[in-house]
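K.L.:
pasting the structure only:
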């Protein structure tokens, strides 16, 4: 009777099989939709967010601020889809001049009737890097004085630890959008107002920031 010799596997072949199995597992993780792009969820901090406006006129430039009411953004890198909103408290607008501010709220913004200014996101162009600076273009609707307007905002993003610092600028043709012209016979105001937002956000899912 012949006795079959037991097959032996060399240590080198065992290591090769192990590395192949490990590579296959990593490839599955990377190339499946769930592994390729994890959703990023961000909560904006009103206390660390600055919203500044600038309005030119024939006599001087008016500068002022608004306060952020809330902001939540969710972004899925694989599809470019983004949803969420940045909501500004319209009633907090101030320029340092009481009479001018009362006129702004009563006659221009009508903030008693329209207490919120909101930007609702829908789509993003560009690549988000959770570990380095990014430049994105975010499209959505800007709601002012009760009316929606399609806009695209350029956003510069810089990660700092577990937070993101964001800077964005938008020029608003407020008169074209239906708001009252604040100009008088003596003072001619620009028909556009410049808005600069410097926001700080915290990752809702800390795993997305690693």
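P.N.:
Thanks, I have it. Worth saying up front: this structure is predicted, and the values here are computed from it rather than measured.
K.L.:
For the chain, just list every one of the strands.
P.N.:
40-44, 50-55, 62-76, 81-94, 116-125, 134-144, 147-160, 163-172, 193-203 (DSSP state E).
K.L.:
Using CSV, please lay out those strands together with distance to residue 181 and mean pLDDT.
P.N.:
Every C-beta, even on glycine, is put in place using the N, C-alpha and C of the backbone. Shown next, in CSV, are those (distance: least, CB to CB, whole Å; pLDDT from 0 to 100):
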stretch, distance to residue 181, mean pLDDT
strand 40-44, 32, 85
strand 50-55, 12, 96
strand 62-76, 14, 91
strand 81-94, 17, 92
strand 116-125, 19, 92
strand 134-144, 15, 93
strand 147-160, 16, 93
strand 163-172, 14, 93
strand 193-203, 12, 92
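K.L.:
Make a markdown table out of those strands and add mean neighbour count and distance to residue 184.
P.N.:
Output for the strands of the chain, formatted as a markdown table (neighbours: other CB atoms under 10 Å; distance: least, CB to CB, whole Å):
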| stretch | mean neighbour count | distance to residue 184 |
| --- | --- | --- |
| strand 40-44 | 20 | 37 |
| strand 50-55 | 17 | 14 |
| strand 62-76 | 18 | 13 |
| strand 81-94 | 19 | 20 |
| strand 116-125 | 18 | 25 |
| strand 134-144 | 18 | 22 |
| strand 147-160 | 15 | 25 |
| strand 163-172 | 17 | 21 |
| strand 193-203 | 19 | 17 |
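K.L.:
check contacts around the most centrally placed residue in the chain.
P.N.:
Nearest to the geometric centre of the chain sits residue 73, at 6.1 Å (CA atoms, centre = their mean). By CB atoms under 8 Å, 6 or more residues apart in numbering, residue 73 lies in contact with 41-42, 44, 82-86, 121, 201.
K.L.:
how far away is it from residue 88?
P.N.:
According to CB to CB, to the nearest Å, residue 73 stands 15 Å off from residue 88.
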